[in-house]
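**Q** structure, please.
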Amino acid sequence: MKKILIVEDEEHLATGLKFNIEAEGHEAFVAADGETALEMIVGSHFDAIVLDIMLPGIDGFEVARRVREQENYTPILMLTARGRPEDVLNGFEAGTDDYLPKPFDLDIFLARLNGLLRRSSWLAKEAEPPSQPAVVSVNGREIDFDNLELKAGGEVVHLTLMEAKLLRYLIDHEGRAVSRKTILSDVWGLQEDTDTRAIDNFIVRLRRHLENAPDDPKILQTVRGVGYKFVAE
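**A** So this is what the prediction gives:
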């Protein structure tokens, strides 16, 4: 049995999600606004968070940011009413792991939620063919894709699912320039005409953890006019 927090101000939707999550054999709790959600997250352990973006008071983006600032890496499934690419990218930047646009099919919702609850299985199915190792060494760092961790010396950095997918994709295409639009399409399933600046922010964060000199990157290289390239040292 897993504990799921639903952060949703539409009472009928929250009630329906709670009923169906509990029908799956889990415990479900509801917060109707961001402030209440943050108080509940601090005071209890949850295995996953279902987070609506449009909330009274603190919105879902800010809730996700504050959760990650507390070094809490509970998987977050973001619900967005419009499914606009900029909302999705803002959610990824805030630290959410997956998204689902409203209205959504219940079976799809449960599949996404169960996928996040089985993070290791999710990564194995979505990002790693069986021949690929779950742990990869890069520049003296150890990347554990099953546990979404990057280890450098005694420090452990927790990666979001989307950060791990991006890094895995670049490693899988080692030595090849990959365009930003290809990353959007192949890694995150977004339309290729989406604003791609958010990808640059992801790369900046990954460089901080992988590069000896992030301002002079040798591993996650920029390919001018195209995108990025992974080069193993």
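
**Q** residue 177: neighbour count?
**A** 16 (other Cβ atoms under 10 Å). Backbone N, C-alpha and C define where each C-beta goes, glycine included.

**Q** quick one, strands of this protein?
**A** In chain order, the chain shows strands spanning 3-7, 27-31, 48-52, 76-80, 98-101, 135-138, 141-144, 149-152, 155-158, 178-179, 220-223, 227-230, with DSSP state E as the criterion.

**Q** can you put those in TSV and add distance to residue 63, mean pLDDT and mean neighbour count?
**A** Output for the strands of the chain, formatted as TSV (distance: least, Cβ to Cβ, whole Å; pLDDT from 0 to 100; neighbours: other Cβ atoms under 10 Å):
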stretch	distance to residue 63	mean pLDDT	mean neighbour count
strand 3-7	7	95	23
strand 27-31	9	94	18
strand 48-52	6	95	26
strand 76-80	9	91	25
strand 98-101	14	87	19
strand 135-138	32	88	14
strand 141-144	27	91	18
strand 149-152	23	88	18
strand 155-158	18	86	13
strand 178-179	32	88	18
strand 220-223	29	93	16
strand 227-230	30	92	20
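
**Q** so how far is residue 173 from the residue minimising distance to the centre of the chain?
**A** Nearest to the centroid of the C-alpha atoms of the chain, with distances taken as Cα atoms, centre = their mean, sits residue 97, at 2.3 Å. From residue 97 over to residue 173 the distance is 22 Å, taken as Cβ to Cβ, to the nearest Å.

**Q** mind exporting stretch 56-75 as PDB, just the C-alpha atoms?
**A** The C-alpha coordinates for stretch 56-75 follow below in PDB (Å, rounded to 0.1, in the frame of the first residue of the first chain):
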ATOM      1  CA  PRO A  56      -5.800  29.000  -5.100                       C
ATOM      2  CA  GLY A  57      -2.900  30.900  -3.400                       C
ATOM      3  CA  ILE A  58       0.400  29.100  -4.100                       C
ATOM      4  CA  ASP A  59       0.200  27.500  -7.500                       C
ATOM      5  CA  GLY A  60       1.500  24.000  -8.400                       C
ATOM      6  CA  PHE A  61       4.700  25.300  -9.900                       C
ATOM      7  CA  GLU A  62       5.700  26.900  -6.600                       C
ATOM      8  CA  VAL A  63       4.600  23.900  -4.600                       C
ATOM      9  CA  ALA A  64       6.900  21.700  -6.700                       C
ATOM     10  CA  ARG A  65       9.800  24.200  -6.300                       C
ATOM     11  CA  ARG A  66       9.400  24.300  -2.500                       C
ATOM     12  CA  VAL A  67       9.200  20.500  -2.200                       C
ATOM     13  CA  ARG A  68      12.400  20.100  -4.200                       C
ATOM     14  CA  GLU A  69      14.100  22.900  -2.200                       C
ATOM     15  CA  GLN A  70      13.500  20.800   0.900                       C
ATOM     16  CA  GLU A  71      15.400  18.000  -0.800                       C
ATOM     17  CA  ASN A  72      12.200  16.000  -1.000                       C
ATOM     18  CA  TYR A  73      12.300  13.900  -4.100                       C
ATOM     19  CA  THR A  74       8.800  12.300  -3.900                       C
ATOM     20  CA  PRO A  75       7.600  11.600  -7.500                       C
END
